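A.B. asks: what's the 3D shape of this:
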Amino acid sequence: MQTRPIGRTGLKTHPFSLGTMTFGTQTPEADAHRQLDIAVEAGINLIDTAELYPVNPIAAETCGNSEAIVGNWLEKSGRRNDVLIATKVAGSGAKAIRNGAPISPETIITAVEASLKRLKTDTIDLYQLHWPNRGSYHFRQNWTFSAAGQDTADSLAHISDVLETLGRLVDAGKIRHIGLSNESAWGTAQFLRIAEAQGLPRVATIQNEYSLLCRHYDLDLAELSHHEEVGLLAFSPLATGLLTGKYSGDTIPQGSRRSHNAELGGRLSPQSLSVADEYVALATAHGLDPVHMALAFCTSRPFMAASIVGATTSSQLAHLLKGAELKLSDEVLEGIQAIYRRTPMPM
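C.D. replies: Below is the predicted model of the structure:
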């Protein structure tokens, strides 16, 4: 399996990263540990979590449990040196943590200390900002997003303050590298510019949503990734299960994410179901598993560092991994492009 660079850090990642956002709610700890074992044995070396996790649902009493489950596995398995740990600091809107306080130097320091304790490690390999204080067009907010209310000077001062804080944490050995999440091209460019001007940590990755049904990244961010060597960590590469075909016919399988989140975070609509069915049919017509086709498409993208694969159960993870080596034919890629041209924004 060919590895991918993590920005300019010198670190490499398997094309898949293991996501842990269900660890502690939908996924009990014993099965979460099985997933971690399976992932590492398959060569996956990047484990992604967050202080906000688990989700489905998000609750104050469970926030941090996913990190704790990963930490317990690290302690039990003794495999800390075999994996890279990525986690995130939450911010505005995450009422379950610090009452939704925005990201600041103070909240970052508090969050890092708490994450290190839960993860039972001395350092975090990749520390990410879960979303920008100034707002974001992600999570279906692209339909109403406007930057008109943002204050440029305040945004730039905030970025500088955050980078200075992260720089101190790097110097202290508590984090190694930094990344962004749910960011824009402008925001990422400012982090890069200020870091270079002030000798502060450089952004290595952007963790944004990307799948056959959500391809915002193909435009300005893809260009930025190419020139600045900042790779994408794609979350929801299966569009929260839509691309598996399990919701075809508007069904709600027991134990699925839709059984906990009926609208799949705003992704579910007659149009998104219909287009997902087109991709499933394309895969079937070429003798491919729809899951494997969707993930192979993400892996094929030139800006991709890793697709974050999350599974409710270890058996689902084992199935995902069966397609890890799949390369899509030109005919399949042409079929994908034809669907994309007809319906570029189905969600």
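
A.B. asks: average pLDDT across whichever strand or helix holds Val70?
C.D. replies: Using DSSP states H and E, Val70 sits within helix 65-77. In this model, helix 65-77 has an average pLDDT of 98.

A.B. asks: what does it rub up against?
C.D. replies: Outside of helix 65-77, the residues within contact range by Cβ atoms under 8 Å, 6 or more residues apart in numbering are 20-25, 29, 32-33, 36-37, 47, 49-51, 53-54, 79-80, 83, 85, 87, 115, 118-121. To be clear about C-beta, it is placed using only N, CA and C from the backbone, and glycine gets the same treatment.

A.B. asks: what about those residues, which are in helices?
C.D. replies: Among these, the members falling in helices (DSSP state H) are 29, 32-33, 36-37, 115, 118-119.

A.B. asks: tell me the two of those residues that are most distant?
C.D. replies: Using Cβ to Cβ, the two most remote members of those are Asp37 and Ser115, lying 22.2 Å apart.

A.B. asks: of these two, who's got more company?
C.D. replies: Counted by other Cβ atoms under 10 Å, Asp37 and Ser115 do not tie: Ser115 has more neighbours, with 25 against 14.

A.B. asks: quick check: the more buried one vs Phe191, distance?
C.D. replies: Noted for Ser115: a distance of 20 Å to Phe191, by Cβ to Cβ, to the nearest Å.

A.B. asks: do the same with Gln2
C.D. replies: 28 Å.

A.B. asks: who has more neighbours out of those two?
C.D. replies: Phe191 (27 against 8).

A.B. asks: show the contacting residues for that one.
C.D. replies: Neighbouring residues of Phe191 by Cβ under 8 Å, 6+ apart: 159, 163, 180, 203.

A.B. asks: give me the element it is part of.
C.D. replies: Here Phe191 is assigned to helix 185-198, by DSSP H and E.

A.B. asks: is it possible to get JSON lines of the ones in helices among the contacts of helix 65-77 that adds pLDDT?
C.D. replies: As requested, the ones in helices among the contacts of helix 65-77 are exported to JSON lines (pLDDT from 0 to 100):
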{"residue": "Glu29", "pLDDT": "98"}
{"residue": "Ala32", "pLDDT": "98"}
{"residue": "His33", "pLDDT": "98"}
{"residue": "Leu36", "pLDDT": "98"}
{"residue": "Asp37", "pLDDT": "98"}
{"residue": "Ser115", "pLDDT": "98"}
{"residue": "Arg118", "pLDDT": "98"}
{"residue": "Leu119", "pLDDT": "99"}
